[in-house]
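Q: Build me a model from this:
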Amino acid sequence: MPPSLRNVKFPNGFYVILLLTSTLFVMTCMAWLVSPALREISEKDQASSASVQRVDPRSLALGDWIDKNAVKLLTVEFSVMLVTGLLAIGLDTLIENRHKKS
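A: Numbers count the residues shown, from 1 in each chain. The predicted structure follows:
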C-alpha cells in the first residue's frame, strides 16, 4: 500500500490559487456573455419609454467595461491558471518523490 500524502506539513497552496482563478475565469466568461443582453434590454426599455428601468446604469457601465477588456482579462486569467496548474502538478510530484525516498 502506498504511503499516505496527507501527513505533509505544508499543503500545496497552488491549488487554492488555481481554484480562485478558475472561478474568476468562469465568472468573467459569463459576464461577457450576459452584458450584450443587458444592453439590449436597456435599449428596449428606452424605446418603449417605460417608466421603470429594469437594468441599473451601473450594470451597463460594468458591461461596457467588460466588453472592452474581456479579452485581456481572460488572457491573464488563463495564463495564471496555466502557470499555477503546472506549479501545483510539479510541487505534487516533488512532494511525492521526497515522500517515497523517506
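Q: Could you give the average pLDDT over the helix of greatest length in the chain?
A: Counting by DSSP state H, the longest helix found in the chain is helix 57-101. Across helix 57-101, the average pLDDT comes to 92.
Q: Check which helices and strands that helix sits against.
A: Counting contacts by 3 or more Cβ pairs under 8 Å, 6 or more residues apart in numbering; DSSP states H and E, helix 57-101 is packed against helix 14-47. For glycine as for every other residue, the C-beta is placed from the backbone atoms N, C-alpha and C.
Q: In terms of secondary structure, what does the helix it packs on contact?
A: Using 3+ Cβ pairs under 8 Å, 6+ apart, helix 14-47 sits against helix 57-101.
Q: by how many degrees do the helix it packs on and helix 14-47 diverge?
A: 170 degrees (axes from the mean of the first three to the mean of the last three Cα atoms, to 10 degrees).
Q: Run the chain-centre distance for helix 57-101.
A: Mean C-alpha position of helix 57-101 versus that of the full chain (Cα atoms, centre = their mean, to the nearest Å) differs by 7 Å.
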